[in-house]
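Peer 1: Show me the folded form of this:
(2 chains)
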Amino acid sequence: MKAQQQRAAILCSCCGQVDLTEVEEALQSRDIFCWRHDGLCTEDGTEFIAGRMAGANLEGVLICACADEDKARLWRRTAAAEDVQPIMTSVIGLRDLPPDVRRREVLMAAAYQKNMLPVSVREAVSVPQKVLVLGSSAAGLRAVIDLAEAGYDVTVADEEELARRALSHLPPDLSGHNDVCALRDRVAESDRVCVRAPVQVTGIEGQVGGFAATFAHADGHSSADRFGAIVLAPGCEPVQRGEFLGVDVGAEVVPVSQFDDAMAREEGLSVLAGVRPHQVAFVVPSDATDTEVPFMSAVRAARRTRRVLNADVYLLCNDAKVTASGMERAYRDLRDDGVTVIRFDEETLSLEEADVPHTYTDPGEMAHPLTLRFAGEDLDGAGGAGSWELPCDRVFVADQLRLSRMGERLADLLELRRGADGFLGDDNIFQLPVDTNRRGIFVVGSAGRPKTAEAGRVDAANAVLSVQDLLGGGVMTVDHAAAIVQGEKCALCLTCIRSCPHTAISVDEDEGAAVVHREACQGCGICAGECPADAIQLEGYSDDSFAAALDVLRGVQ
Amino acid sequence: MTTGELRTSVIAFCCENSALQAVEDARHFGMTMPECVQTIRVPCAGKVEEDHILKALESGAAGVVLFACHTENCQYLQGNVRAEKRLTRLRGLLDEIGYPADAVLYASAAPAEAARAARILRTFADDLASVDREEAIEQ
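Peer 2: Just a heads-up that it's a prediction; the model follows:
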């Protein structure tokens, strides 16, 4: 191998669907070394990438594979962990490109330019190599194991028994049901992991590199410990529906999660109460659309019902194909299986229940106890307000998901910013998938936003890299220009504490003034802007420097 | 009257994560920009205090633009929200102390929106110039 740094490419052939010969030739003619893999999107793809990076003296790497944004980010960071510059790492998909474009795109990406990152002042602070994982969703347990393997002492705490919530609240094929059981056993066996469950988290003080947590145990005693970073994995849970379109949820109107529960307990379709229904409708109401998990869950349940019972199955939804990646295919499979998909407008849909409860004697002569009515449809083209009906034996309603109660408590305790949908994941584009508004606190899995098991795995891997970035080998670098409070001017009005988006300011009782924690401050200067007493100055952007800038401009005039 | 004939300048406080790049690009690509615009780099629009804006007006600027990031695009999560609120409050005060409320403007641009940034500055400078001209006619 040459002493100087090389550039390399990792190419995915998508199980032979992509002909890599031409691409390889193009890259090699530009001194770019090539590795091949059949399916980088599978679990060992990430390991393959990490394996190739390890020890190789690379300046940059080009990864050619189809990957969603989170996975691409994970790969870039995997490369960065081996000192391959993340800005030199590109991920592009080959399979979906037309053949003539393929070569051009690859060459363009191969001609990437080296960028310079801004140099900032750094300070090294020693930090404990301990991580606290709160909650035990599938992604959380995965993070526990990965963190332990990466050499951290991990404490995992949950308000219930480990993984109990993960096993009861989510559809099994989406929560990674079997995974969770296996992960729970591995967590119990690991000697680097301390399990505290069930336990209440009563307080978490301090900042990144020195979070002080206190726990109240079930037997009444309490304990405390210090951690360098925190990973949140409290998961999500379905909102209990009392009624749907005016009909009580019960025997005939059933949440999809109950269908999944019954399947998980291998009770088969007994949730259908011993009848063989002829007409079944699955409804995805607006509060469950735009969320991959409940939608996919309804789709799978609909297909299963169609296959097992050979009943007429209808799926009522909106925007079936654009809800999430992979929906296009799921929708096609659904149609292929013979499920009828109906787009509906929630305001015009009503549900009626037959007055007399039905007793099923001869399934062939079954009268349908429920009627879905679609109103306001112009059926005869005459512009009249008509309606049409869909008689059903069962109506399954997709679940609306929300942040678990433990998640709610943690969000309050840690003063975390929450997205518009109430989950911990942020809509802000600068927040990487596992970031929260506080440095050193990460969120994985469905607590951030309802996610599939695979997306949760990606989260966990991202969280491990984030923790490694932060805590390193026991030394944390503090590299931001920070705000500084001039104690004698501070009137303790707490305006800065309320306005800091990163919860980096607290009251110093001894000084009788607010104090900005350097390790958590990200240098935005919002506190300096808000402080009514002008008691906060931002390094590099003080009031004096503004005055000086104005003087310069005046001189120019 | 063109913007070049303004009696004084426009000062734009530009967030270094977004608008500063846009304005610099607009200059770099030679887009039509009022010549009187001066930029001051800030780490976040949320850092700019009322004092800074008032001092800029005091120092002879005809107008001040507070250039922030788009909604939910602030690197510091809340900076643009804070900046907009602060500017709205300031506009109410300007009238009392003898400046026209239109002398300050809150605007947002992404780093890639050079043309948008140039357009915002152009419109703002033109508006100031027309107010200027009306005053001159009255006198």
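Peer 1: Going by secondary structure, residue 124 is in what exactly?
Peer 2: All of this refers to chain A. Secondary structure from DSSP states H and E places residue A:124 in strand A:123-126.
Peer 1: was after chain B, sorry
Peer 2: Secondary structure assignment for residue B:124, by DSSP H and E: helix B:114-138.
Peer 1: Identify the residues contacting the next helix or strand after the strand holding residue A:124?
Peer 2: For strand A:123-126, the following helix or strand on the C-terminal side (DSSP H and E) is strand A:130-134. With CB atoms under 8 Å, 6 or more residues apart in numbering or on different chains as the test, strand A:130-134 has contacts from A:140, A:143-144, A:147, A:152-158, A:201, A:211, A:213, A:225-234, A:406, A:410, A:467, A:471. Every residue, glycine included, has its C-beta placed from N, CA and C.
Peer 1: Buried among the residues you listed? Need that as a selection in ChimeraX.
Peer 2: The ChimeraX command for the buried members of the contacts of strand A:130-134 (criterion: 16 or more other CB atoms under 10 Å in any protein chain shown) is given here:
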select /A:140,143,144,147,152,153,154,155,156,157,158,201,211,213,225,227,228,229,230,231,232,233,234,406,410,467,471
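Peer 1: Against residue A:204, how distant is residue A:522?
Peer 2: 20 Å (CB to CB, to the nearest Å).
Peer 1: Helices along chain B, start to end?
Peer 2: Shown for chain B, the helices assigned by DSSP state H span residues B:19-28, B:50-58, B:79-96, B:114-138.
Peer 1: Point out the most buried one among these.
Peer 2: Highest mean neighbour count of those: helix B:19-28, a mean of 20 (counted as mean count of other CB atoms under 10 Å in any protein chain shown).
Peer 1: Test my guess that residue B:57 contacts residue B:51.
Peer 2: No: using CB atoms under 8 Å as the test, residue B:57 is too far from residue B:51 to be in contact (10.9 Å).
Peer 1: so who does residue A:8 touch?
Peer 2: Contacts for residue A:8 (CB under 8 Å, 6+ apart) come out as A:32-35, A:52, A:56, A:58, A:60-62.
Peer 1: Residue A:547 against residue B:55, yeah?
Peer 2: Yes: between residue A:547 and residue B:55 there is a contact under CB under 8 Å: 6.9 Å.
Peer 1: What about the contacts of residue A:8, which one has the most neighbours?
Peer 2: residue A:61 (29 neighbours; other CB atoms under 10 Å in any protein chain shown).
Peer 1: in what helix or strand does it lie?
Peer 2: Using DSSP H and E, residue A:61 falls in strand A:58-64.
Peer 1: strand partners of that strand, parallel vs antiparallel please.
Peer 2: Strand pairing for strand A:58-64, using DSSP bridges, gives strand A:6-12 (parallel), strand A:90-92 (parallel).
Peer 1: Now mean pLDDT too, for those, in JSON lines please.
Peer 2: Converted to JSON lines, the strands paired with strand A:58-64 look like this (pLDDT from 0 to 100):
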{"stretch": "strand A:6-12", "mean pLDDT": "80"}
{"stretch": "strand A:90-92", "mean pLDDT": "60"}
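Peer 1: Pick the most deeply packed of the ones you listed.
Peer 2: When those are compared using mean count of other CB under 10 Å, strand A:6-12 is most buried, at a mean of 21.
Peer 1: Following that strand in sequence, what is the next regular element?
Peer 2: Next along from strand A:6-12, by DSSP H and E: helix A:21-28.
Peer 1: in chain B, which segments are predicted with low confidence?
Peer 2: Along chain B, the model assigns pLDDT under 70 to residues B:1-8, B:139.
Peer 1: rewinding a little: including distance to residue A:341, could the strands paired with strand A:58-64 go into CSV?
Peer 2: Compiled in CSV, those are given as follows (distance: least, CB to CB, whole Å):
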stretch, distance to residue A:341
strand A:6-12, 33
strand A:90-92, 33
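Peer 1: Show me which residues of chain B are close to chain A?
Peer 2: Remark: the part of chain B in contact with chain A comprises B:8-9, B:11, B:38, B:40, B:42-44, B:46-49, B:51-52, B:55-56, B:59-60, B:72-79, B:82-83, B:86, using CB under 8 Å from any CB of the partner chain.
Peer 1: Mark which of these are buried, thanks.
Peer 2: If you count burial by 16+ other CB under 10 Å, the buried members of the residues of chain B next to chain A come out as B:8-9, B:11, B:38, B:40, B:42-44, B:46-49, B:52, B:55-56, B:59, B:72-79, B:82-83, B:86.
Peer 1: and these, which of them are in strands?
Peer 2: B:11, B:38, B:40, B:42 (DSSP state E).
Peer 1: between those, which is nearest residue A:453?
Peer 2: Set against residue A:453, the nearest of those by CB to CB is residue B:42 (43.6 Å).
Peer 1: mind listing what the closest one touches?
Peer 2: Residues in contact with residue B:42, defined by CB under 8 Å, 6+ apart, are A:525, A:541, B:13-16, B:48.
Peer 1: would you turn the residues you listed into TSV with distance to residue A:179?
Peer 2: Conversion of the contacts of residue B:42 to TSV gives the following (distance: CB to CB, whole Å):
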residue	distance to residue A:179
A:525	44
A:541	48
B:13	51
B:14	49
B:15	43
B:16	44
B:48	50
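Peer 1: what two of these are the furthest from one another?
Peer 2: Among these, A:525 and B:14 lie farthest apart (CB to CB), at 13.8 Å.
Peer 1: For residue A:28, see how far away the closest residue to residue B:103 other than its chain neighbours is.
Peer 2: Sequence neighbours aside, residue B:63 is the residue nearest to residue B:103 in space, at 4.9 Å (criterion: CB to CB, 6 or more residues apart in numbering or on different chains). Relative to residue A:28, residue B:63 is positioned 58 Å away (CB to CB).
Peer 1: Check residue A:529 too.
Peer 2: 54 Å.
Peer 1: more neighbours, the two?
Peer 2: Per other CB under 10 Å, whichever of residue A:529 and residue A:28 has more neighbours is residue A:529, with 27 against 12.
Peer 1: so which strand or helix has the more buried one?
Peer 2: helix A:526-530.
Peer 1: these two touch, right, residue A:41 and residue A:71?
Peer 2: Yes: at 7.3 Å, residue A:41 counts as touching residue A:71 under the criterion of CB under 8 Å.
Peer 1: who has more neighbours, the two?
Peer 2: residue A:71 (22 against 18).
Peer 1: Can you tell me the element the more buried one falls in?
Peer 2: Assigned by DSSP H and E, residue A:71 falls within helix A:69-81.
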